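**Student:** what's the 3D shape of this:
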Amino acid sequence: MLPNKKSSILLVLKVLEEYTDEEHYLTQQEIADKIYQVYDIELERKSVGSSLSMLEELDYDIDKGPKGGFALLSRTFDQTEASYLIDAIFSSRSIDGRQAKKIADQVSSCFSKYQRKDYSYIYKSSEINRTDNKQVLYNISVIHEAMKQGKRVGFQYLAYDAEGNQTVRRDGYEFIVSPYYLINNFGRYYLLCNYREKYRALQTFRIDYMVNIQIKDDWPIKNMNDLEEGPKDFSISKYLNDHIYMFGGDVIEAELELDGDWGILIVKDWFGENAKLSHKDGKAYIKVKCNEMALYYWIMQYSDCVKVISPASLIEKTKEGLQKALERYK
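**Tutor:** This next block holds a predicted model:
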């Protein structure tokens with residue numbers, strides 16, 4: 001049965017999206033043939049031409065080739081944007097490989113079948129170590145809904161026993177928190193929230209470690225400004241700069257000595273303009289504010305080109321950590 005005019009426009013558009021691009025054009029008759037081949041619907045060439053004109057009026061970027069063919073050029077993303085998005089999806093450790101593949105397929109579906117082949121190489125990155133929790137996207141949706149409703153969320157938190165078997169922390173204890181921000185840090189998703197003020201005003205939990213999450217209808221969110229020990233004039237960007245590894249705890253100001261251009265490059269890569277660079281006696285120094293535990297692990301990672309100048313507590317912590325590491329190899 002011949003579809004109505006609106007349906008014919010949709011069929012023509014679907015064929016253009018799937019089978020045309022800058023290097024592949026179809027004539028009106030070829031479009032009609034493809035519609036019959038794929039959808040088993042006969043469409044006259046005149047109807048195809050009318051649909052093409054209507055799509056152009058609707059601002060679809062349809063190009064007429066030198067040989068009379070037609071192609072849809074502009075897409076939701078250009079190839080560079082899609083490549084970046086797909087790479088980011090597969091680089092994330094917060095979702096499992098099957099979910100990553102599904103989302104990547106949805107992103108690449110805006111291209112013709114010929115262009116999609118260009119992204120197949122990225123799929124190999126699904127072999128990286130990923131979370132075993134397949135509920136991450138669901139967890140995120142529940143947290144979003146809780147924040148929208150102004151409610152807290154409750155969840156159990158994953159752990160591993162001495163044999164490496166997955167279990168839940170504290171015999172299935174339910175953590176009930178006030179959710180404030182979702183944070184993507186090094187391919188992992190975290191929830192910035194308030195758990196118990198007597199421990200710390202703000203804490204982070206890994207979203208892929210959450211199981212059995214639910215909205216607590218009888219527990220309204222505790223406003224961040226009402227936290228007794230909470231931050232004043234809170235800035236999420238400042239918080240992320242101060243907590244590069246998502247550790248909780250105090251923020252300190254430290255001075256570090258850098259070894260040459262490589263040290264400066266590393267500091268700029270991690271801290272950007274938040275690192276205040278200076279020079280003295282031919283050596284480079286930076287002052288930076290950061291969570292103490294996060295900065296300690298960062299220094300251990302780059303100990304070959306970074307030396308702590310102050311504070312003394314961080315110097316001692318670094319010495320102790322390096323000494324313990326050395327002892328393991330004796």
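**Student:** can you pull out the helices in the stretch 151-300 of the chain?
**Tutor:** Taking DSSP state H, counting those that start in this stretch to define them, one finds helices in the stretch 151-300 of the chain at 236-242, 260-271, 292-301.
**Student:** Including mean neighbour count and distance to A146, could these go into a markdown table?
**Tutor:** From N, CA and C alone the C-beta is placed, and that goes for glycine too. Below are the helices of the stretch 151-300 of the chain laid out as a markdown table (neighbours: other Cβ atoms under 10 Å; distance: least, Cβ to Cβ, whole Å):
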| stretch | mean neighbour count | distance to A146 |
| --- | --- | --- |
| helix 236-242 | 15 | 18 |
| helix 260-271 | 15 | 32 |
| helix 292-301 | 18 | 27 |
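**Student:** Dump these into a markdown table; add distance to E228 and mean pLDDT as well.
**Tutor:** Converted to a markdown table, the helices of the stretch 151-300 of the chain look like this (distance: least, Cβ to Cβ, whole Å; pLDDT from 0 to 100):
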| stretch | distance to E228 | mean pLDDT |
| --- | --- | --- |
| helix 236-242 | 18 | 78 |
| helix 260-271 | 30 | 81 |
| helix 292-301 | 22 | 90 |
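**Student:** now the ones you listed in CSV, with distance to E320?
**Tutor:** Shown next, in CSV, are these (distance: least, Cβ to Cβ, whole Å):
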stretch, distance to E320
helix 236-242, 23
helix 260-271, 22
helix 292-301, 10
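**Student:** Of the ones you listed, which is nearest R116?
**Tutor:** helix 260-271 (33.3 Å; Cβ to Cβ).
**Student:** contacting residues around that closest one?
**Tutor:** 241, 244, 256, 258, 275, 277, 284, 286, 288, 290, 298, 302, 305-306 (Cβ atoms under 8 Å, 6 or more residues apart in numbering).
**Student:** at 7 Å what do you get?
**Tutor:** N241, I244, L258, A275, L277, A284, I286, V288, W298, Y302, C305, V306 (Cβ atoms under 7 Å, 6 or more residues apart in numbering).
**Student:** and stretch 218-231, average pLDDT?
**Tutor:** Averaged over stretch 218-231, pLDDT sits at 84.
**Student:** again but with stretch 29-47, I slipped
**Tutor:** 91.
**Student:** mind checking which of the helices of the stretch 151-300 of the chain is nearest K222?
**Tutor:** With Cβ to Cβ as the criterion, K222 lies closest to helix 236-242 of those, at 17.3 Å.
**Student:** for the closest residue in space to C193 that isn't next to it in sequence, what are its contacts?
**Tutor:** Among residues not flanking C193 along the chain, V177 sits closest, at 4.0 Å (Cβ to Cβ, 6 or more residues apart in numbering). Contact partners of V177, counting by Cβ under 7 Å, 6+ apart, are R152, V153, C193, N194, Y195.
**Student:** quick one: the fourth one and D78, what's the gap?
**Tutor:** I take that to be N194. Using Cβ to Cβ, to the nearest Å, we find N194 at a distance of 42 Å from D78.
**Student:** So for these two, which residue has more residues nearby?
**Tutor:** A direct count of neighbours by other Cβ atoms under 10 Å for N194 and D78 places N194 higher, at 23 against 11.
**Student:** Break this structure into its domains for me.
**Tutor:** According to automatic domain parsing, the chain comprises the domains 5-72, 79-127, 136-232, 251-327.
**Student:** Go through these and find the least confident stretch.
**Tutor:** Among the domains of the chain, domain 79-127 has the lowest mean pLDDT, at a mean of 69.
**Student:** So what touches stretch 240-252?
**Tutor:** Contacts for stretch 240-252 (Cβ under 7 Å, 6+ apart): 183, 185, 190, 200, 203-204, 270-271, 274, 289-294, 297-298, 311, 314.
**Student:** swap in stretch 68-82?
**Tutor:** By Cβ under 7 Å, 6+ apart, stretch 68-82 touches 16-17, 20-22, 24-27, 52, 60-65, 85, 107-108, 110-111, 115, 118.
**Student:** Tell me which of those fall in helices.
**Tutor:** L16, E17, L52, L85, V107, S108, Q115 (DSSP state H).
**Student:** I'd like to know how far the second one sits from D78.
**Tutor:** So that's E17. E17 is 15 Å from D78, by Cβ to Cβ.
**Student:** The fourth one too?
**Tutor:** Separation of L85 from D78 (Cβ to Cβ): 11 Å.
**Student:** With the fifth one instead?
**Tutor:** The span separating V107 from D78 equals 12 Å under the rule Cβ to Cβ.
**Student:** What of L11?
**Tutor:** Counting by Cβ to Cβ, the gap from L11 to D78 is 25 Å.
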